[in-house]
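Q: Dropping a prediction and its sequence here:
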Amino acid sequence: MLEVVGYGSVDELMDAAIPEVIRWPGALDLPEPAGEAEALDQLRALAGRNTVAVSMIGLGYHGTHTPAVIRRNVWESPGWYTAYTPYQPEISQGRLEALLNFQTMVTDLTGLATANASMLDEGTAAAEAMTLARRASRSRSRVYVVDADTLPQTVAVIRGRAEPLGIEVRVVDLDGDDLPAEFFGLHLQYPGASGAVRDHAGVVGAAHAVGALVTVAADLLALTLLRPPGEIGVDVAVGTTQRFGVPMGFGGPHAGYLAVRAGLERMVPGRLVGVSRDAAGEPAYRLALQTREQHIRREKATSNICTAQVLLAVMAGMYAVYHGPDGLRAIGAHAHAMAARLAAGLRAGGVQVADVVFFDTVSAIVPGRAGEVVRAAARRGVNLRLVDADRVGVACDETTTEAHLAAVWAAFGVPVFAGDVDAALPAGLARTSEFLTHPVFVAHRSETAMLRYLRRLADLDYALDRGMIPLGSCTMKLNATTEMEPVSWAEFAQVHPFAPESQTAGYREMIAQLEGWLAELTGYDTVSVQPNAGSQGELAGLLAIRAYHRSRDAGHREVCLIPSSAHGTNAASAVMAGMRVVVVGCDADGNIDLVDLDAKINAHRDTLAAIMVTYPSTHGVYETGIAQVCAKVHDAGGQVYVDGANLNALVGFAKPGRFGADVSHLNLHKTFCIPHGGGGPGVGPVAVRSHLAPFLPGDPLEVGDSTRPAVSAARYGSAGILPIPWMYLRMMGAAGLTRATGVAVLAANYVAARLRGSFPVLYAGNKGLVAHECILDLRPLTKATGISVDDVAKRLIDYGFHAPTMSFPVAGTLMVEPTESEDLAELDRFCDALVAIRAEIDKVGSGEWSAGDNPLVNAPHTAAMVSADQWPHPYPRSVGAYPMGTHTGKYWPPVRRIDGAYGDRNLVCSCPDPQAFEQ
Ligand SMILES: *Cc1c(COP(=O)(O)O)cnc(C)c1O
């Protein structure tokens with residue numbers, strides 16, 4: 001590879017590629033690398049310092065049994081966890097079907113029309129519902145009303161999102177206070193955080209009367225027994241699907257959900273899976289209404305969510321598929337019956353229990369004794385919720401047993417209760433409507449059937465377990481099995497985020513070490529792992545900049561400069577942070593145009609808050625002007641945000657915190673080996689220099705600190721997957737990490753060198769070298785032959801590859817990022833495929849193949865197509881299906897090219913009627 005690129009060693013190559021101004025001369029101060037077994041032993045020791053208790057804390061996180069068939073064949077299966085976001089739908093039909101199941105589950109249970117394919121957690125889903133309400137409401141009010149019985153962490157996230165947008169949050173006790181005269185939206189919790197189930201029908205009507213929209217944060221398990229929000233005219237439902245088989249993981253990751261009534265579907269944030277049809281007219285799934293991926297609309301976006309929680313949504317959807325409607329109802333009934341027995345036992349023993357309708361959570365009133373009761377339960381291995389000095393909350397769930405109830409009764413000092421209890425819910429509140437009536441929710445109810453269903457869907461998809469996924473900007477690298485294993489350990493998986501600190505020492509030490517190592521790698525002073533995606537790290541970082549300016553009486557600084565090449569989330573996040581986006585152009589070489597930068601700085605000198613740049617740039621180049629960019633912005637009083645998504649090109653060689661930046665987010669699901677999960681989970685830590693440290697995200701349970709708004713519902717975000725980057729860093733050490741960066745840059749330059757003759761490489765930096773990715777320019781070929789990037793991307797499927805990133809950051813191009821994880825054989829296979837595709841394009845150009853009927857425009861070729869009795873095309877079937885010869889392992893796409901526009905005109909976002917598949 002070095003020979004092809006023209007260097008004698010990786011060191012020589014890196015010396016040439018990396019500009020002197022950013023080069024970090026020192027060594028990384030990390031522990032000596034440990035082998036796989038040794039690293040696992042060390043992590044075991046940390047895990048051993050966590051206590052796995054029976055959790056009856058509730059507050060949105062519950063015990064659940066992950067069906068073993070789902071744990072092993074989804075959660076622990078690389079076929080599912082190494083997949084990318086389903087932007088290439090022809091190779092993603094399995095996970096798209098799984099997500100459609102998830103959406104159907106959510107719409108059925110909530111009684112609403114359309115649900116998206118996951119949100120980051122309940123708190124952020126509630127915040128997105130607030131901004132949706134603001135856009136859709138006909139009220140001009142700035143007031144958002146929040147039910148006082150809402151989960152405290154949700155209130156914190158809502159407040160954090162509201163403040164920069166000028167929204168006033170008013171928390172109202174629905175049992176006593178009046179609603180304000182005017183407000184644009186109302187957030188209700190159902191059941192409430194206290195456990196109380198209120199009949200919201202009246203308050204929904206009152207809100208609608210003043211033009212407000214109503215969001216209900218609803219527990220989907222409760223909705224198996226309770227009247228769903230859609231039946232009382234609610235506009236939006238949000239929540240978490242954690243208790244559908246996803247471990248608590250000390251706060252995440254779990255799939256949040258957001259569903260809307262008919263008429264609001266075009267305002268839904270995030271990704272929405274829908275049904276369309278392929279070139280043969282067969283039903284096929286794909287992401288619907290792509291513009292709803294709001295971040296693509298940059299500063300016009302209404303949400304910055306990009307990476308969501310796909311793997312967890314798949315698990316929750318499969319939990320519903322496996323249990324079916326009657327199974328879910330039985331689980332809901334169990335949780336409710338246990339709570340009813342618990343309450344009866346407490347009452348029989350003389351303990352006062354709040355006199356309300358409840359589903360699974362009992363609120364016990366023990367004046368002055370609450371702390372003592374909670375401690376007594378903890379001694380028996382059970383965690384309860386300390387509401388205040390006088391009240392204890394106890395939440396039951398799928399895993400609650402008689403023995404757990406006995407422990408709780410003992411903690412309250414009351415005898416075991418043996419009587420019968422009538423657990424019936426009041427008629428007006430009980431659910432009468434059916435749910436999960438689609439055949440998918442009855443067809444896979446045996447383990448045999450479930451195993452085969454999961455295998456069949458995984459087989460439809462192309463993930464890293466089949467071959468390379470060369471997606472520029474996404475860093476689809478190895479997710480080593482040894483890194484993945486600890487995620488399933490009970491000491492990490494079965495910990496409630498609000499468990500007492502004495503039970504989470506191992507978690508907190510692991511997180512502190514990880515934050516310390518990330519600070520060392522990036523040259524920053526402080527790191528917070530709270531943001532649960534890159535987009536949320538951006539928001540957290542920009543909010544820190546905002547709070548910093550305000551702390552210095554410079555709150556008028558609100559302009560955020562963003563280069564035209566930036567990822568769409570950057571601009572979307574800036575708007576959410578209350579900033580005004582001003583775009584800076586790029587020059588002909590793809591670098592930030594320093595002349596335009598000067599002009600924009602001069603025009604906004606007094607109001608400049610920040611610049612947000614990606615380094616190396618999204619053009620795949622180490623820009624030499626970065627130090628100047630930082631200096632110019634600092635001189636004008638602004639802060640420098642470096643988007644760290646491309647850190648795989650820097651680790652060990654340069655530290656953003658030392659070459660001029662003040663804050664960055666990192667993508668642990670890119671550079672640091674958390675698998676992409678088919679579109680999440682992710683972790684987007686925010687890293688800052690010391691002057692911004694006081695403004696990092698705060699603990700969502702410590703409400704009221706507006707300089708430290710929480711950006712996620714749990715203090716450490718998706719803590720449950722932090723063992724993955726911990727293991728990666730522990731096993732790599734300083735030398736290994738530095739070597740990985742060098743090999744990633746070598747691989748990108750190797751690909752660029754091999755493909756330059758077939759497709760021009762759009763941008764290059766020092767000595768004609770690229771960084772860790774390269775952009776292949778197809779525009780001249782498209783102009784000459786009509787063959788588009790889309791055609792090349794789909795033709796790559798026939799060759800057995802996932803397409804590179806398409807048309808980002810430059811329309812009409814492909815961006816290739818090979819990473820350090822691909823060996824020479826795989827890189828060559830990929831380059832050979834692209835060289836062969838170039839030759840195919842030439843046949844179209846020369847007229848040998850017709851422009852309207854050739855293997856490129858017909859790609860991908862399915863087995864059904866090439867084995868059909870009719871073959872009307874002017875090239876042989878073998879050229880269609882086996883362009884590299886039949887000796888290679890063949891991936892067969894299950895559908896032909898999908899017509900996205902058809903599905904957008906005929907929007908269907910839940911499981912289609914099975915007859916749609918019959919011919
Ligand atoms: C991936 C990416 C992001 C967004 O990260 P998510 O985790 O998807 O929210 C932001 N900027 C760049 C350059 C990226 O590549």
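A: Structure's in. What do you need?

Q: quick one: low-confidence ranges for the stretch 601-750 of the chain?
A: Across the stretch 601-750 of the chain, the ranges flagged by pLDDT under 70 are 703-705.

Q: Can you show me the helices along the stretch 101-250 of the chain?
A: All helices of the stretch 101-250 of the chain, identified by DSSP state H, counting those that start in this stretch, fall at 122-136, 152-162, 201-209.

Q: Spell out which parts of the stretch 651-800 of the chain neighbour the ligand.
A: For the stretch 651-800 of the chain, the contact set with the ligand under CB under 6 Å from any ligand atom comprises Asn667, Gly682, Gly684. For every residue, glycine as well, the C-beta is placed using N, CA and C.

Q: Let me know the closest of the residues you listed to Leu342.
A: The shortest gap between Leu342 and any of those belongs to Gly682, at 37.7 Å (CB to CB).

Q: residues contacting the closest one?
A: Taking CB atoms under 8 Å, 6 or more residues apart in numbering, we find Gly682 in contact with Thr307, Asn532, Ala533, Gly534, Asn667, Leu668, His669, Ile674, His676, Ser718.

Q: Neighbour count and secondary structure added to these, as CSV?
A: Below are those laid out as CSV (neighbours: other CB atoms under 10 Å; DSSP: H, G, I helix; E, B strand; the rest coil):
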residue, neighbour count, secondary structure
Thr307, 26, coil
Asn532, 35, coil
Ala533, 31, coil
Gly534, 29, helix
Asn667, 27, coil
Leu668, 28, coil
His669, 28, coil
Ile674, 27, coil
His676, 28, coil
Ser718, 31, coil
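
Q: what's the closest of these to Ala609?
A: Distances from Ala609 to the contacts of Gly682, taken by CB to CB, are shortest for Gly534, at 20.1 Å.

Q: For stretch 334-349, what is the distance to the chain centroid?
A: Centroid displacement of stretch 334-349 relative to its chain, using CA atoms, centre = their mean, to the nearest Å, is 37 Å.

Q: Tell me how many other residues surround Ala554.
A: Counted with other CB atoms under 10 Å, the neighbours of Ala554 add up to 16.

Q: That one belongs to a strand, doesn't it?
A: No - assigned with DSSP: H, G, I helix; E, B strand; the rest coil, Ala554 falls outside any strand and is coil.

Q: Quick check: it touching Gly638?
A: No - Ala554 is beyond contact range of Gly638, at 10.1 Å (criterion: CB atoms under 8 Å).

Q: residue ranges of the helices in the stretch 301-450 of the chain, please?
A: Counting by DSSP H, counting those that start in this stretch, the helices of the stretch 301-450 of the chain are 310-348, 370-379, 402-412, 440-443, 447-460.

Q: Same check on the stretch 551-700 of the chain?
A: Under DSSP H, counting those that start in this stretch, the stretch 551-700 of the chain gives helices at 568-576, 594-603, 626-635.

Q: Buried residues, the helix or strand Ser535 falls within. List them.
A: Assigned by DSSP states H and E, Ser535 belongs to helix 534-551. For helix 534-551, the buried set under the neighbour-count rule, 16 or more other CB atoms under 10 Å, comprises 534-549.

Q: And for stretch 444-455?
A: Burial within stretch 444-455, assessed by neighbour count using 16+ other CB under 10 Å, is assigned to His444, Met450, Tyr453, Leu454.

Q: Can I get those residues in CSV including pLDDT?
A: Converted to CSV, these look like this (pLDDT from 0 to 100):
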residue, pLDDT
His444, 97
Met450, 98
Tyr453, 98
Leu454, 98
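
Q: Show me which of those is closest to the ligand.
A: Leu454 (25.7 Å; CB to the nearest ligand atom).

Q: And that closest one, how far from Arg658?
A: 47 Å (CB to CB, to the nearest Å).

Q: CA atoms of stretch 105-112 as CSV?
A: Backbone C-alpha positions of stretch 105-112 (Å, rounded to 0.1, in the frame of the first residue of the first chain) are rendered in CSV as follows:
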residue,chain,number,x,y,z
MET,A,105,-46.4,-1.3,17.7
VAL,A,106,-46.2,2.4,18.8
THR,A,107,-49.2,3.6,16.7
ASP,A,108,-51.4,0.7,17.8
LEU,A,109,-50.6,1.1,21.5
THR,A,110,-50.9,4.9,21.5
GLY,A,111,-53.9,4.9,19.2
LEU,A,112,-52.3,7.5,17.0
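
Q: Off-centre distance for stretch 5-25?
A: Taking CA atoms, centre = their mean, one finds the center of stretch 5-25 at 34 Å from the center of the full chain.

Q: same deal with stretch 675-688?
A: Per CA atoms, centre = their mean, the centroid offset for stretch 675-688 relative to its chain is 7 Å.

Q: Leaving out chain neighbours, which residue sits closest to the residue of the chain found nearest the ligand?
A: Proximity of the chain to the ligand (CB to the nearest ligand atom) peaks at Gly534, 2.3 Å away. Nearest residue to Gly534 in three dimensions, chain neighbours excluded: Gly684, at 4.0 Å (CB to CB, 6 or more residues apart in numbering).

Q: And Ile365, by the same measure?
A: Closest residue in space to Ile365, ignoring its immediate chain neighbours: Gln352 at 4.2 Å, by CB to CB, 6+ apart.
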